[in-house]
Structure formats: C-alpha cells, structure tokens
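Colleague: need a structure here:
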Amino acid sequence: MSHFPLTTEYLMQQAPALFTQEPHNEASDKYHFVSTIDIINEIKSFDWYPTSVQQSSVKDENKEGYQRHLVRFRHFDDLLTPKENAVELLLFNSHDRTTAFSISVGIFRFVCANGLVIADDVFESYKIKHIGDRDNDVATAIANITNFKPQLEKKIEIFSSITLSQREKESFAISSIPLRFDKHLQINHTDLLIPHREEDETDDLYTVLNVIQENLLRGNISGINKDTGRRFTSKELTSISRDGDVNKGLWSIAERIAFIKQPDIQIAA
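Modeller: All right, here's what the predicted structure looks like:
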C-alpha cells in the first residue's frame, strides 16, 4: 500500500490484467467488456487515485491476463493531508466472467497498514454488469461514495468510543472464527485478540475489530484439524474474494456489537 498514487508503469508491472483490451474467448457475444484501465483513468478524473493493486493467480494459464483484480483508491484530500484512517474506493473487476465490475467502500488504517472492506448492508456495493450501457455509472458510484465518506468517518468515531469488556472481546473473536476457518478446524479464539503493536493494546471496538482482522488475514494462527488430529498454522489470506468476505463479515459483527452497546445511536445511518 502506497501513500502516493501508483504510476501507470507500476500498475502494468503488478497487474497486467488491468490493461487487457478484450474479454476472454469464453465470454458470450452479449458480454459487455469494461476495460479496467479506462475506468481507473475515469476515477482519477474525480480526484481519487490508485494506491494499491492486487491480481489473483490463475490455475488455467489460458486465463492469465483476464483474472480477477482489485484496485484501491484514496481521495486527493487524504493523500494531501493523511489521517489515521482513510476512506477508500475499491474497484473489483475481471475479464473472464468471474467478477462483475463493482465499486465498494473500504478503510485504510495507517498504524497497521490494514485495509477493511465495508459490509454491503452498510454501504451497498455499486455493481456494473458487463452487459448493456454503463454511461454515467462510474460518476454515480463515485458521487455516492464521496457523499458517504463523512458518515463513515463518523462511524469510526462511534466504534472508537465504545469500550469492550474482556468477555465481549472474546465473544467478538468467537463470532469471527467461521469467517476464516471451517468447522473441522479448531483454534483458540484468544489468539485472534493478540495485538501486534503497542497502539493496539486498547479495548475500544474499532481497535479490537482491526486486531482480529489482522490476525485472521495475516495468518500464523495455530490450531488442530479435528478430522485428522493434526496441528496446522494458518497462512496469509491472499484471495481477493475471501479477503473481502472476511472483512465484510467482521464489519457486520462490529455493527451488531455497536448497536447492542449503544442502541440509542443509529449506527448504520
């Protein structure tokens, strides 16, 4: 994750699929191709700049250059004057029919270099199918996200103001386990609450959310496979789709906790 906009050369080096100019040959004639690099350039015209890029690996070499990819953008104001938490725009796309072009919302937390993805029930992802006319779709999506930005910043303040007891923190961790681990994989939930830096040794909901997220995504969590009796250590989660699902699930749990702790506040507003 860069604190400055990524160059076109860097994007080409890290994710060639962004520059593909035609769909995979398995796509139907009705498939409406959306060139990712064209969308990136359009998004930049609204003062959102790419700061991170990720491209999925492929098992079928025939689909190299057409696979799922993710680009994160940060607004000019946040690049000019960085804050502890920056609201991000997330662009998902592929050219092999596996992923429709969509724009979502995320948060970048500088202290741990983690990127959260906001649950769809808080801010509905703006999906643009590869079929039909897409005139003004990008402009509409960016306008919606820009308008939502102050509300999300306020939501972070609310989460940060809510203190969790040890038992509540453990309940959060237990609820998060199925987001990453199958039923036959058993881990100690308290391992998900171990902070990796001094700044995270606090008990507010927002920090606990980020600690659990970091442990789930970065791996190195030990456990036992109940079916085989063998021990395992989780690896870093690199799948774009699974990463998003885990993040959205964690945010939804945090929303529910916030509503329980402070029901007088309209958390999702």
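Colleague: give the contact list for Thr238.
Modeller: Thr238 is in contact with Ser57, counting by CB atoms under 8 Å, 6 or more residues apart in numbering. In this view, the C-beta of every residue, glycine as well, is placed from N, C-alpha and C.
Colleague: Could I get the pLDDT score of it?
Modeller: The score at Thr238 is 85. That number is its pLDDT.
Colleague: How much space separates it from Asn225?
Modeller: 21 Å (CB to CB, to the nearest Å).
Colleague: Equivalent analysis for Ile257, please.
Modeller: On the measure of CB to CB, Ile257 and Asn225 end up 30 Å apart.
Colleague: of the two, who's got more company?
Modeller: Ile257 (22 against 13; other CB atoms under 10 Å).
Colleague: Specify the local secondary structure of the more buried one.
Modeller: Three-state call for Ile257 (DSSP: H, G, I helix; E, B strand; the rest coil): helix.
Colleague: distance of it from Pro50?
Modeller: For Ile257, the distance to Pro50 - CB to CB - is 33 Å.
Colleague: Stretch 260-269 - what's its average pLDDT?
Modeller: Rounded mean pLDDT across stretch 260-269 is 69.
Colleague: next one: stretch 105-122
Modeller: Here the average pLDDT along stretch 105-122 is 76.
Colleague: same question, stretch 201-215
Modeller: pLDDT averaged over stretch 201-215 gives 95.
Colleague: What are the buried residues along it?
Modeller: Across stretch 201-215, burial judged by 16 or more other CB atoms under 10 Å covers 205-215.
Colleague: contact partners of it?
Modeller: The contact list for stretch 201-215 (CB under 8 Å, 6+ apart) reads 109, 112, 114, 116, 156, 159-166, 169, 172-173, 176, 191-196, 200, 221, 246-247, 250-251, 254, 257-258, 261.
Colleague: Swap in 6 Å and give it another go.
Modeller: 109, 112, 114, 159-160, 162-164, 169, 173, 176, 192, 195, 200, 250, 254 (CB atoms under 6 Å, 6 or more residues apart in numbering).
Colleague: And the buried ones among the residues you listed, selectable in ChimeraX?
Modeller: The ChimeraX command for the buried members of the contacts of stretch 201-215 (criterion: 16+ other CB under 10 Å) is given here:
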select :109,112,114,159,160,162,164,169,173,176,192,195,200,250,254
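Colleague: Flag every buried residue along the helix or strand harbouring Asn144.
Modeller: Per DSSP states H and E: Asn144 is located in helix 137-161. Under the neighbour-count criterion of 16+ other CB under 10 Å, helix 137-161 has 137-138, 141-142, 145, 148-149, 152, 155-156, 158-160 buried.
Colleague: and the helix or strand following it, which residues are buried?
Modeller: Note on helix 137-161: by DSSP H and E, the next helix or strand toward the C-terminus is helix 166-180. The neighbour-count check on helix 166-180 (16+ other CB under 10 Å) flags 168-169, 172-173, 175-177, 179-180 as buried.
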